[in-house]
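Asker: Just need the structure, nothing else, for what follows:
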Amino acid sequence: MARYIGPKSKIARKFKEPIFGPDKVLEKKNYPPGQHGLSKKRAKQSEKQKAKYTYGILERQFAKIYHMAQRAHGVTGEVLLQLIESRLDNVVYRMGIAPSRSGARQLVGHRHITVNGEVVNIASYILKPGDVVGVRERSKSLEVINSSVAGATNQFPWIDFDKSSMTGKFINVPERLQIPENIKEQLIVELYSK
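Answerer: Numbering: from 1, shown residues only. As a prediction, the model looks like this:
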């Protein structure tokens with residue numbers, strides 16, 4: 001399974017946003033990395049790259065999701081973000097079962113997560129409204145999952161999560177206004193339509 005394993009603070013500094021979660025480096029150095037980081041002649045950063053790093057998706061998979069969004073009904077940019085938010089690894093992260101998206105991806109890959117009672121180990125699995133996501137019975141004692149669930153707050157209206165049973169329901173596909181990520185999806189659409 002391919003994933004980005006490079007320096008995360010550099011990427012966060014490049015976009016001047018905490019893409020991978022809170023980062024102390026951004027507080028100290030709020031300018032882009034590199035020898036010419038403080039100069040004003042830096043090129044504009046791509047929104048597509050920002051979205052890919054934020055959600056932990058590589059180029060080929062991102063292009064596939066974009067083409068799915070293009071074929072679907074509705075505004076392509078919004079549908080793109082809705083499809084990405086519907087991925088299993090992202091929903092596990094949003095429920096609070098994992099502390100990060102990469103951690104959620106690992107839990108899914110290691111067969112700790114179930115969808116509608118069946119074990120699913122594909123992180124890119126797209127959930128449908130009404131799907132029930134839960135932690136496998138023998139995995140409920142894992143320290144990583146318990147500490148994440150204890151500190152989680154259910155703040156997303158499209159997800160209903162029960163901490164005691166460690167199961168949650170994907171109620172519906174989120175609207176664009178409900179997605180908290182600071183991504184300008186229209187720029188992604190313009191980039192692909194060139």
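Asker: Skipping adjacent residues, who's closest to residue 169 in space?
Answerer: Residue nearest to residue 169 in three dimensions, not counting chain neighbours: residue 160, with 4.6 Å by C-beta to C-beta, 6 or more residues apart in numbering. Every residue, glycine included, has its C-beta placed from N, CA and C.
Asker: next one: residue 98
Answerer: In space, residue 98 is closest to residue 104, 3.7 Å off (C-beta to C-beta, 6+ apart).
Asker: Starting from the helix or strand the residue nearest to residue 169 falls within, tell me which strands it pairs with and how they run.
Answerer: Using DSSP states H and E, residue 160 maps to strand 159-162. Strand 159-162 has the following sheet partners, assigned by DSSP bridges: strand 167-170 (antiparallel).
Asker: just to revisit the earlier point, and the strand holding residue 160, which residues are buried?
Answerer: Within strand 159-162, the residues scored as buried using 16 or more other C-beta atoms under 10 Å are 159, 161.
Asker: Following the helix or strand of the chain with the lowest mean pLDDT in sequence, what is the next regular element?
Answerer: Within the chain, no helix or strand scores below helix 24-28, which has a mean of 71 by mean pLDDT, DSSP states H and E. Later in the chain than helix 24-28, the nearest helix or strand by DSSP H and E is helix 47-55.
Asker: name the helices or strands packed onto that following helix?
Answerer: If contacts are counted by 3 or more C-beta pairs under 8 Å, 6 or more residues apart in numbering; DSSP states H and E, helix 47-55 sits against helix 8-15, helix 59-71, helix 76-85, helix 185-192.
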